[in-house]
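>>> A structural model of the following input is requested.
(chains A, B, C and D)
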Number of protein chains: 2
Amino acid sequence: MTEPDWDLYRSLLAVLDRGSLSAAARLLGLSQPTLGHHVAALEMALGAPLFTRSPKGLVPTETALALRPHAEAMASAAAALRRTASGGADAPGGVVRVTASEMVGTVILPAMIAGLRRAHPGIVLELSLSDRSEDLLRQEADIAIRMTRPLQGSLLARKIGEIGLGFHASPAYLAREGRPKDMGDLRHHTLIGPDRDIETLRGVIPAGLALTPEMFAIRVDSHVAHLALVEAGAGIGVCQFGIAAAAGLVPVLPDLFRPMMPVWLACHEDLRASRRIAAVFEFLGGALADYVARDAQAMVRTMPPSTRSAAPLVAEAWGEEA
Amino acid sequence: MTEPDWDLYRSLLAVLDRGSLSAAARLLGLSQPTLGHHVAALEMALGAPLFTRSPKGLVPTETALALRPHAEAMASAAAALRRTASGGADAPGGVVRVTASEMVGTVILPAMIAGLRRAHPGIVLELSLSDRSEDLLRQEADIAIRMTRPLQGSLLARKIGEIGLGFHASPAYLAREGRPKDMGDLRHHTLIGPDRDIETLRGVIPAGLALTPEMFAIRVDSHVAHLALVEAGAGIGVCQFGIAAAAGLVPVLPDLFRPMMPVWLACHEDLRASRRIAAVFEFLGGALADYVARDAQAMVRTMPPSTRSAAPLVAEAWGEEA
DNA sequence: GCTCAGTCATAAATTTGTTTATAGCAGACG
DNA sequence: CGTCTGCTATAAACAAATTTATGACTGAGC
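Below you'll find the predicted structure:
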């Protein structure tokens, strides 16, 4: 058996993605018979059928589905290669791909990116917003901003600091529904919480409160929508102090519930050699550090004077130390 | 810029590997002008020069060197894909790639593989012997046998047990040079130890002994050569009890120095779905457990009756628990 | 029940890529 | 100092892939 052309893998991936030869052909800018030939050649080379033909399209076999992750790995390696090449040897410009959570990407990053572009006009940024953290391993991104410690080998990680979380509500909501006096009071309020993604809060919820989806009258997994709901006065939800302060939200029970969430910046070891990636890494490191500092200030400012310290109330459950 | 054909990446990798178009052409079964054209096309597509031509061959530029890891990632993904495909959907046969240390691969595995082939005649085995443990992450192997706990995410790891290490020497050496009475005595003997790879021993050497290359009169990083030297009566070296016993070696100071080394079996989570990989995983798991048990017996048997227990003397430095 | 939009498969024409063959160049060796 | 071996580069002959242009099929919608 001779090794199949790598192009065939790309065609395979396209057909798996689109579900038909014609659609895959459009995606790759090839013609449908070409894709048909590619699939046939790959089936021949691998000695196994990959699709069952039907007039509605190609249905992948078990084998083809098993091959998919590997083909995707090739695709992301190819994308990483092109990104690397885009910067030339060590030209200041080029494409850098940053991954972050939806929240960070939509609320925190935009201002930083504006500054980054001003400081390094040659650098083109790609943002990949998702909450799964495998991105770096599979080389789907050059730099990652994460709220958990990246524990992969061969990953260079820097802890930026910790961000304070707390219950918040809009002034309108509090005027309408009153202000809870203690944690037990929260039961009589409209709470906004996660839907399926309870894991995220597991380390944050204080031991006293049971963690059940039933606690929350409004459930949504998107942190951005979560914030929007709180801003709209829909109920009480957990927000970062800095973001909440900027949005004019009022902290609720900040002296009873105030977990800290670590912020990590990470990239592949190898990639630090690239000048533009190092530049983005340093810039984001600085900008995030500033942001964390402002967040801490916002948190302290909104607390009653008696308890003005930045010590976390529910910290150990979440973070490890740097 | 349109995406280059993936074949070009393969050609790039071949040229980087061989250092010349002609050699790369031989490797890939293509002709030299074809490779030349591929490189030119890739340089055009990426917009950056990749090689400086010379009559001695092609010298890669900085850019090309930066691209290399990504091209290699593609190559291993392609290899993994083909391995997966070789097994068909869930046929019992197919290729499985196992990585292990040189020592394990040459001394311990052969007998197991013979048994494995008897139990599963359809399975073809590839052995990749190296001591770096990135193999699994980069999908360069399906299953890994490691002496450290694999701490990567999305990796399925099973701790097989622990293997006892200890100083050993050949009967001939001991007859000639005498038997050391305590650790201090070792200074007057010919010790065999690592050359550059001191890390490996760091967790093993007892606290009393300073860890310097100067300790060792014979230095070699290959564990297999290490064992051969001990067998040849060249000096005293650290060996696994089981292997040493089988080779007719005599334990030296087993009651003073007896670290334990964990044995882990690991594979990617996804791959457990493949029937043949699961079969190999289970078989190796069982065989290694048997081996560890025999090693423990050998260790106990060769110790003076007074201290006959399998408890490690220098254990905590090395292993974590399952 | 008919048309229409979508699909895959096939055959001939064309474009593309690959090879063979040749020339030129630098260093190793007797 | 010439020869020999390695390499790259170029041009024309060739083989191979791709495309265009078909035909045949299925299911949705009127």
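>>> For the stretch 201-322 of chain A, which segments count as helices?
A:223-231, A:241-246, A:275-301 (DSSP state H, counting those that start in this stretch).
>>> which one of these is the most hemmed in?
Using mean count of other CB atoms under 10 Å in any protein chain shown, the stretch among these with the largest mean neighbour count is helix A:241-246, at a mean of 22. (C-beta placed from N, C-alpha, C; glycine too.)
>>> which secondary structure elements does that one contact?
Packing partners of helix A:241-246 (3 or more CB pairs under 8 Å, 6 or more residues apart in numbering or on different chains; DSSP states H and E): strand A:155-169, helix A:275-301.
>>> would you turn the helices of the stretch 201-322 of chain A into CSV with mean pLDDT and distance to residue A:106?
Shown next, in CSV, are the helices of the stretch 201-322 of chain A (pLDDT from 0 to 100; distance: least, CB to CB, whole Å):
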stretch, mean pLDDT, distance to residue A:106
helix A:223-231, 88, 5
helix A:241-246, 89, 10
helix A:275-301, 88, 14
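>>> Could I get the ones you listed in a markdown table, plus columns for distance to residue B:21?
Below are the helices of the stretch 201-322 of chain A laid out as a markdown table (distance: least, CB to CB, whole Å):
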| stretch | distance to residue B:21 |
| --- | --- |
| helix A:223-231 | 52 |
| helix A:241-246 | 56 |
| helix A:275-301 | 30 |
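>>> what's the closest of these to residue B:186?
Among these, the nearest to residue B:186 by CB to CB is helix A:275-301 (47.5 Å).
>>> The closest one vs strand A:155-169, what angle?
On the basis of axes from the mean of the first three to the mean of the last three CA atoms, to 10 degrees, helix A:275-301 is oriented at 30 degrees to strand A:155-169.
>>> Output the helices and strands packed on helix A:241-246 as JSON lines; include the columns distance to residue A:68.
Output for those, formatted as JSON lines (distance: least, CB to CB, whole Å):
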{"stretch": "strand A:155-169", "distance to residue A:68": "25"}
{"stretch": "helix A:275-301", "distance to residue A:68": "29"}
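>>> quick one: which of those is nearest residue A:84?
helix A:275-301 (8.8 Å).
>>> Any part of the closest one near chain B?
No. Helix A:275-301 stays out of contact with chain B when judged by CB under 8 Å from any CB of the partner chain, the minimum separation being 10.4 Å.
>>> starting at the chain centroid, how far to that helix?
When distances are taken as CA atoms, centre = their mean, to the nearest Å, helix A:275-301 is centred 17 Å away from the chain's centroid.
>>> Residue A:84 and chain B, how far apart?
Residue A:84 is 5 Å from chain B, where distance means CB to the nearest CB, to the nearest Å.
>>> Sorry, slip of the keys, the one I care about is residue A:295.
For residue A:295, the distance to chain B (CB to the nearest CB) stands at 28 Å.
>>> what about the residue in the stretch 51-200 of chain A positioned nearest to DNA strand C, is that helix, strand or coil?
When scored by CB to the nearest atom of the strand, the stretch 51-200 of chain A has residue A:53 as its residue closest to DNA strand C, at 3.6 Å. Assigned with DSSP: H, G, I helix; E, B strand; the rest coil, residue A:53 falls in the strand class.
>>> Quick check: it vs residue A:26, distance?
19 Å (CB to CB, to the nearest Å).
>>> Who has more neighbours out of the two?
Just comparing residue A:53 and residue A:26: by other CB atoms under 10 Å in any protein chain shown the higher neighbour count belongs to residue A:26, 15 against 12.
>>> does the more buried one sit in a helix or strand, and which one?
Residue A:26 belongs to helix A:21-28 when assigned by DSSP states H and E.
>>> Which positions in that helix come out as buried?
Buried residues in helix A:21-28, defined by neighbour count with 16 or more other CB atoms under 10 Å in any protein chain shown: A:21-25, A:28.
>>> Which strands and helices lie in contact with it?
Under the contact criterion of 3+ CB pairs under 8 Å, 6+ apart, helix A:21-28 touches helix A:6-18, helix A:32-46, strand A:57-60.
>>> Pick the most buried one from those.
Most buried of the helices and strands packed on helix A:21-28, by mean neighbour count (mean count of other CB under 10 Å): helix A:6-18, with a mean of 22.
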